[in-house]
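Sequence isn't available, so here's the structure alone:
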Ligand SMILES: CC(C)(COP(=O)(O)OP(=O)(O)OC[C@H]1O[C@@H](n2cnc3c(N)ncnc32)[C@H](O)[C@@H]1OP(=O)(O)O)[C@@H](O)C(=O)NCCC(=O)NCCS
């Protein structure tokens, strides 16, 4: 799986200083604040990696942020932990994702999520993890992700997971 074909004129690139981050508005304050004020600093500190989708006139159409993390064995569902050691387990985290309000409803959110999952899959060939985790900012975001087979973690309705085996199976489909 080589990656998602974004519409002509759009380019996915790593976040950097010269992009107009402060103009980004997806309608969700905490997601905006992340991109405007924290994403670049966290990337510089190697805490997370952010890719931004630039349109033909250098406006940020969307973005996503990936990070690594750990989830305790006891927080994961039975289907995932069979045969796994009883300790903190490595996960990939889709930490943030947003689409500029002017571009919403044009499938860019789905395309960014597909590319984020491709990135996780590729990274997982080198640095293994047991699941991809997403923390949802609200019920609408949760509905968006659940369309992609993400399931609730037991006892944590706003934390969703996608097992690595499911991710590998998905890669033939996106
Ligand atoms: C959620 C978000 C990324 C979706 O982006 P988008 O480009 O508008 O979505 P798409 O056009 O790719 O829509 C794909 C599907 O998701 C649905 N969808 C879109 N936005 C949705 C939302 N906020 N909640 C639930 N479903 C949504 C669409 O109806 C569409 O479904 P369909 O294929 O059955 O028609 C965008 O609305 C956004 O940036 N929201 C604010 C930030 C946010 O909530 N981020 C996620 C948590 S970090």
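Now that the structure is in, tell me what you want to look at. In this text the structure is predicted, and so the values were computed from the model without any measurement.

Nearest to the ligand: which residue in this protein?
residue 109 (2.2 Å; CB to the nearest ligand atom). Backbone N, C-alpha and C define where each C-beta goes, glycine included.

Over to that residue. Which of the three states is it?
Using DSSP: H, G, I helix; E, B strand; the rest coil as the criterion, the local structure at residue 109 reads helix.

With the one 3 residues further on instead?
Following three-state DSSP, we place residue 112 in the helix state.

Just list the residues touching it, thanks.
With contacts defined as CB atoms under 8 Å, 6 or more residues apart in numbering, residue 112 is in contact with 53, 62, 63, 64, 97, 99.

same question, residue 46
Contacts of residue 46 were listed using CB under 8 Å, 6+ apart, and none were found.

Residue numbering should commence at 152 henceforth.
New numbering, starting at 152: the last item is residue 197.

three-state assignment of it?
Residue 197, by the three-state scheme (three-state DSSP), is coil.

before we move on, what about residue 182?
The three-state label for residue 182, taken from three-state DSSP, comes out as helix.

What are the boundaries of the helices in the chain?
180-184, 190-195, 229-232, 259-275, 290-297, 315-321 (DSSP state H).

Could you provide these in CSV, with additional columns for distance to residue 223?
Formatted as CSV, the entries for these read as follows, by distance: least, CB to CB, whole Å:
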stretch, distance to residue 223
helix 180-184, 25
helix 190-195, 23
helix 229-232, 10
helix 259-275, 20
helix 290-297, 22
helix 315-321, 17
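
Now tabulate those in JSON lines and tack on mean pLDDT.
Conversion of the helices of the chain to JSON lines gives the following (pLDDT from 0 to 100):
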{"stretch": "helix 180-184", "mean pLDDT": "97"}
{"stretch": "helix 190-195", "mean pLDDT": "98"}
{"stretch": "helix 229-232", "mean pLDDT": "88"}
{"stretch": "helix 259-275", "mean pLDDT": "97"}
{"stretch": "helix 290-297", "mean pLDDT": "94"}
{"stretch": "helix 315-321", "mean pLDDT": "93"}
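
highest average neighbour count across the ones you listed?
Per-stretch averages of neighbours, counted by mean count of other CB atoms under 10 Å, single out helix 259-275 among the helices of the chain, with a mean of 19.

so residue 171 touches residue 206, yeah?
No - counting by CB atoms under 8 Å, residue 171 stays clear of residue 206, with 10.9 Å between them.
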